[in-house]
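Visitor: whatever this is, show me its structure:
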Amino acid sequence: MSRTARVERTTAETKVLVELDLDGSGQADITTGVGFYDHMLHQIARHGGFDLTVHTVGDLEIDAHHTVEDTSLALGTAFDQALGNKIGIRRYGSATIPMDEVLVRAAVDVSGRPYVVHDEPALAPYIGPVYPTSMTRHIWESFGQSARLTLHVSVLRAARPGGHPDAHHVVEGQFKAVARALREAVAIDPRSAGAVPSTKGLL
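Guide: Numbers count the residues shown, from 1 in each chain. Next up is the predicted model:
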């Protein structure tokens, strides 16, 4: 069964196209106009093993907020649609990812119940010219709500003792950890006998 989705989201502020194949090989075609965010979405594709197309045109003359938010919402919707009835998936996934001095843990439950917990230290206000680090929490909240999953992302270590966090490493570690956790959660469980992984019979 094909586990793919195509989502188009158009508002007065943005125009977003997302195409997703959960059973891909990590190929990505991504342009949002926000270079660092593009780099992070490439991490989702490569480390999740998903084929992902994202084309966003947004009101970057104002700031990056609408572009990043609406893309995250469309991406979450695509995950929800591609998962369909969720029969046979593992449902739970987790990953602890080191990135040099940074250590991040992500845990996912494809539960149908949106809930997001995000813990990270204070970071420099921007990565690159237009990506505000305050958006990272909002990305996970927007994605988790529209994907209808429970997501915990925790930065366990952000810097060497006495040092200042490298914002690029801290945020990239989060995206890699979430990608790996998603990869595990959406994988087909050969022991599931084609059942929905819930005693309710529905996710």
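
Visitor: all strands of the chain, in order?
Guide: Here the chain has its strands, by DSSP state E, at 4-10, 14-21, 28-31, 51-58, 92-99, 102-109, 115-119, 126-127, 131-132, 150-157.

Visitor: next, count neighbours for Ser154.
Guide: Around Ser154 there are 16 other residues, counting by other Cβ atoms under 10 Å. (Each C-beta comes from the backbone N, C-alpha and C, glycine too.)

Visitor: can you report how many residues lie near the closest residue in space to it that isn't next to it in sequence?
Guide: Nearest non-adjacent residue to Ser154, counting by Cβ to Cβ, 6 or more residues apart in numbering: Asp119, 4.5 Å away. Using other Cβ under 10 Å, the number of residues around Asp119 comes to 12.

Visitor: what do you get for the one 5 residues further on?
Guide: The burial count assigned to Ala124 is 12, neighbours taken as other Cβ under 10 Å.

Visitor: can you tell me how far the closest residue to it other than its chain neighbours is from Val34?
Guide: Closest residue in space to Ala124, ignoring its immediate chain neighbours: Ala167 at 4.7 Å, by Cβ to Cβ, 6+ apart. Note on Ala167: its distance to Val34, by Cβ to Cβ, to the nearest Å, is 15 Å.

Visitor: those two - which one has more neighbours?
Guide: Shown here are Ala167 and Val34; by other Cβ under 10 Å, Val34 has more neighbours (25 against 22).

Visitor: pLDDT value on the more buried one, please?
Guide: Per-residue confidence (pLDDT) for Val34: 98.

Visitor: who's in contact with it?
Guide: By Cβ atoms under 8 Å, 6 or more residues apart in numbering, the residues touching Val34 are Leu60, Ala64, Thr67, Val68, Val130, Tyr131.
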